[in-house]
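# sequence? don't have it. structure:
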């Protein structure tokens, strides 16, 4: 009987050790408006529109060569940036060239299901032509961080300039004539 009483006493102690307690905890932080309003402006509204050209212009070019002609400017404008926003992370994603000139840094032009020989490359400077300086356009790359202070400031707005160029991406693709399109998405996050 003494053993049973001892077991019951110990069981009672164990139950009291499992009794519920409550602790008052306070969590504090600062809430900021961590975004801006972003819009893209191209040469014609929200598009980068390249001039009409003859296919013969690029027939003699080598894979990865920039097609002669002017750059087509565009920019992302950041307005109404909330307090605390000091940088943006930008990722361009499109049907990127893989295994050929400007790999991961050019988007193919297409017409319906047909993929053109041509690609579109974005640069930060109108004078750039180097593959090393081209802006990545692949979902396989991470977003690039740009401090707002490094952008063109207009009043309280910030501009991230881009300059489009044509590139002979894959000469083995068919010559596709007519209206061509290179589509993409710009993913943006804020710091």
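Sure thing, it's come through. Treat the numbers as computed from the prediction; the structure is a model and nothing was measured.
# mind checking the SS state of residue 57?
Remark: residue 57 carries the secondary structure label helix [criterion: DSSP: H, G, I helix; E, B strand; the rest coil].
# Was I right to think it contacts residue 67?
Yes. Using Cβ atoms under 8 Å, residue 57 is in contact with residue 67, at 6.4 Å. Backbone N, C-alpha and C define where each C-beta goes, glycine included.
# who's more crowded, the two?
Taking other Cβ atoms under 10 Å, residue 57 and residue 67 do not tie; residue 67 has more neighbours (17 against 13).
# wait, what's in contact with that one?
For residue 67, the contacting residues are 53, 57-58, 61, 118, 165-168, by Cβ atoms under 8 Å, 6 or more residues apart in numbering.
# Can you lay out these as TSV showing secondary structure and pLDDT?
Formatted as TSV, the entries for those read as follows, by DSSP: H, G, I helix; E, B strand; the rest coil; pLDDT from 0 to 100:
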residue	secondary structure	pLDDT
53	coil	86
57	helix	85
58	helix	80
61	coil	88
118	strand	89
165	strand	95
166	strand	93
167	strand	92
168	strand	90
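# Return the members of these classed as buried.
When burial is judged by neighbour count using 16 or more other Cβ atoms under 10 Å, the buried members of the contacts of residue 67 are 58, 61, 118, 165-168.
# Find the residue at the geometric middle of this protein.
Nearest to the centroid of the C-alpha atoms of the chain, with distances taken as Cα atoms, centre = their mean, sits residue 91, at 1.1 Å.
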